[in-house]
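> Provided below for reference: sequence and predicted model.
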Amino acid sequence: MKNKLLINAAVLGLMVLPAIISAQNITITQLDSSELLTSSRIDCYLSITDNQGKPLEDVRTNLIRMEHETEEGMNTVEILDIQRNNLSEGETAFLLVLDNSGSMYEPVGDGIAGNRMDHAKRAVKEFLGSLDEQNTRVGLAVFNTKYMLLVEPGSDITVIEEALERIEKPDSENAYTELYYSISQAAWDMARYRGRKAIVLLSDGENYPYFTMSGKLHPDFGETLYSPDNGLGPLKREGITLYGINFSTEKDKSLASISIESGGTMYEAITDEELSGVYDRIKNRIEKEYRVTIRAPLVFLGSPEISAEYEGSDDTKSYYARPLMGTPEKDYLFLSLMILLLSFVIWVILMLIRFEKPANQAELSMLPLGAGKPAQRTIALTSQMTVIGGSAKADFTVAGIPSLKESHATIVQDEKAGTFTLVSDEDVRVNNRMTKKRKLKPGDVINIEGATIVFDAPKD
């Protein structure tokens, strides 16, 4: 009987094992809502991995499902585009943050191989050498009692390598570890960048605040004590992922949770070889993420949630639309009033354009509102087909919008009927309504990927 039970257990184990091995996890690593108000789009970065955290190579993107929270609950949303990060034209911004507290200069092992900072510098240099500078921005910061941005993201690799060599052991007053404060400051330094944004922070121990441990006022913020929430808050508000690296047997109890809640991961390393491997794993994981662009509904929730699902695995994260507001807790009645006011301003501008300078022929004019910069502010529609796009070969060229296609939309003229029709493979907004084909009337407002263009023509 006992043998029979063991055999049954073994058979059951063999049946379950393949499912465990083949299981996958999906994580929303970042939500980029920077184009929400101009084009109703949100870029969702998804990491789809196996149970060991390795990116899956054979993801069936047609099975990815996205939902967005509304006042009525979660609703399925349209997926406009799916691309793998390393195959897209988008940039990835890294900020490498190194713990430069006193303990980082303690010898590793017998001390022959040097101290932790020596290992960290070597690992960072190897990481820098593996990057594609064309599609990557990298910056460098250090922290101890204070936080210091040494090199802004976007600088040459050689500048970062030179800054690495200038990092020195701090004196006793600057040897503390203001971990949570430094995470918050790193997030603010990354806030102005668009696209994929990641902070890779290496530390060798716990948060060790100056005021608590020294009994003296901190030189910058006095007796203020920064908590894990003070570090996590800016990461979530600005849509930035934190990847934590613990380079010691000592661990901060909150660094892992901050990393995971921001969409990132926590890594452990003891030797320099392990540390180099961690940086490589982070790079590989981000490169093999999927950027899923969705059409977001208009909602007035403080922090709407977005969920992603793939073959039974799902993840949910909230985002904050930062273009108009300062904090997500603000009253969203103010947001709706701002939108109404903006609509009124656009209407006034349109009235001034139409009445101060009546059109004597059909034309397109781009307003100084929203995204993009036109090669010409106004063009006459004299051809049978007028192409609007990001290419210099387009008839109406708009630069500065990465998502704008070379030939994004076309205005077709019917000379006999005297009509002009907008045609596009992608949805565009005409008078705030989504369409792929629409006959235009004088005064119609066309919004293409955030560019605001007005069609005008002589009255009949």
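Right, received. Where do you want to start?

> CA only for contacts and neighbour counts going forward, please
OK.

> buried residues of the strand ranked longest in the chain, list them for me.
When every strand of the chain is counted residue by residue (DSSP state E), the longest turns out to be strand 419-430. Buried residues in strand 419-430, counted by 16 or more other C-alpha atoms under 10 Å: 420, 422, 423, 424, 427, 428, 429, 430.

> show me where the stretch 1-150 of the chain has helices.
2-22, 36-39, 116-129 (DSSP state H, counting those that start in this stretch).

> and residue 206, that's in a helix?
No. Read with DSSP: H, G, I helix; E, B strand; the rest coil, residue 206 is coil and lies in no helix.

> and the nearest residue to it once chain neighbours are set aside, how many neighbours does it have?
Nearest non-adjacent residue to residue 206, counting by C-alpha to C-alpha, 6 or more residues apart in numbering: residue 252, 4.0 Å away. When neighbours are defined as other C-alpha atoms under 10 Å, residue 252 has 15 of them.

> against residue 192, how distant is residue 252?
28 Å (C-alpha to C-alpha, to the nearest Å).

> pick out the shakiest of the helices of the stretch 1-150 of the chain, pLDDT-wise.
Mean pLDDT per stretch puts helix 2-22 lowest among the helices of the stretch 1-150 of the chain, at a mean of 44.

> mind giving me the domain ranges of the chain?
Annotated domains of the chain cover 23-330, 358-456 [automatic domain parsing].

> give me the helix or strand of this structure that scores worst on average pLDDT.
helix 2-22 (a mean of 44; mean pLDDT, DSSP states H and E).

> related to what we said a few turns ago, point out the least confident one among the buried residues of strand 419-430.
Per-residue pLDDT puts residue 427 lowest of the buried residues of strand 419-430, at 85.

> helix/strand/coil for the residue nearest to residue 206?
Residue 252 ends up coil, using three-state DSSP.

> show me what contacts it?
Residues near residue 252 by C-alpha atoms under 8 Å, 6 or more residues apart in numbering: 205, 206, 207.

> and it, how far is that from residue 242?
15 Å.

> ditto for residue 71
30 Å.

> higher neighbour count, the two?
Using other C-alpha under 10 Å as the criterion, residue 71 and residue 242 rank with residue 242 on top: 30 against 10.

> could you count how many residues lie near residue 389?
When neighbours are counted by other C-alpha under 10 Å, residue 389 registers 23.

> contact partners for it?
Going by C-alpha under 8 Å, 6+ apart, residue 389 touches 395, 396, 397, 398, 404, 405, 406, 407, 408, 409.

> looking at the residues you listed, which gets the smallest pLDDT?
Ranking these by pLDDT, residue 404 lands last with 86.

> ok, and the closest non-adjacent residue to that residue?
Nearest to residue 404 is residue 390, by C-alpha to C-alpha, 6+ apart, at 5.6 Å.

> low-confidence ranges, the stretch 201-350 of the chain, go.
321-350 (pLDDT under 70).

> tell me where it has strands.
241-246, 266-268, 290-295, 305-310, 313-318 (DSSP state E, counting those that start in this stretch).

> go on, the stretch 351-460 of the chain?
363-370, 373-374, 378-380, 385-389, 396-399, 409-414, 419-430, 433-439, 445-448, 451-456.

> tell me what angle the fourth one forms with strand 419-430.
Inter-element angle recorded for strand 385-389 and strand 419-430: 20 degrees (by axes from the mean of the first three to the mean of the last three C-alpha atoms, to 10 degrees).

> walk me through which strands strand 385-389 pairs with, and which way each runs.
strand 396-399 (parallel), strand 409-414 (antiparallel) (DSSP bridges).

> now that strand against strand 363-370, angle please.
10 degrees.

> buried set for strand 385-389?
Residues 385, 386, 387, 388, 389 are the ones in strand 385-389 that count as buried (16+ other C-alpha under 10 Å).

> and for the third one?
Of the residues in strand 378-380, those buried under the neighbour-count criterion (16+ other C-alpha under 10 Å) are 378, 380.

> what is it packed up against?
Applying 3 or more C-alpha pairs under 8 Å, 6 or more residues apart in numbering; DSSP states H and E, one finds that strand 378-380 contacts strand 363-370.

> and the strand it packs on, what does it pack onto?
strand 378-380, strand 451-456.

> redo these as a markdown table? Include mean pLDDT and distance to residue 84.
Converted to a markdown table, the helices and strands packed on strand 363-370 look like this (pLDDT from 0 to 100; distance: least, C-alpha to C-alpha, whole Å):
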| stretch | mean pLDDT | distance to residue 84 |
| --- | --- | --- |
| strand 378-380 | 92 | 37 |
| strand 451-456 | 91 | 26 |
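
> out of these, the one nearest residue 159 is which?
strand 451-456 (36.3 Å; C-alpha to C-alpha).

> same for the closest one, what does it pack against?
So strand 451-456, by 3+ C-alpha pairs under 8 Å, 6+ apart, packs with strand 363-370, strand 445-448.

> chain center to the shortest one: distance?
The reference is to strand 445-448. 25 Å (C-alpha atoms, centre = their mean, to the nearest Å).

> using CSV, write down the CA coordinates of stretch 379-397.
C-alpha atoms of stretch 379-397 as CSV (Å, rounded to 0.1, in the frame of the first residue of the first chain):
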residue,chain,number,x,y,z
ILE,A,379,-0.1,75.0,-46.6
ALA,A,380,-2.6,75.2,-49.4
LEU,A,381,-4.3,72.1,-50.5
THR,A,382,-3.6,72.3,-54.3
SER,A,383,-3.0,68.6,-55.0
GLN,A,384,-5.4,65.8,-55.4
MET,A,385,-3.7,64.1,-52.4
THR,A,386,-2.0,65.9,-49.4
VAL,A,387,0.0,63.6,-47.1
ILE,A,388,0.4,64.5,-43.4
GLY,A,389,3.2,62.7,-41.6
GLY,A,390,6.6,62.7,-39.9
SER,A,391,8.7,62.3,-43.1
ALA,A,392,10.3,65.2,-44.8
LYS,A,393,8.7,63.8,-48.0
ALA,A,394,5.2,64.4,-46.6
ASP,A,395,3.3,67.4,-48.0
PHE,A,396,2.6,68.6,-44.4
THR,A,397,5.5,67.5,-42.3
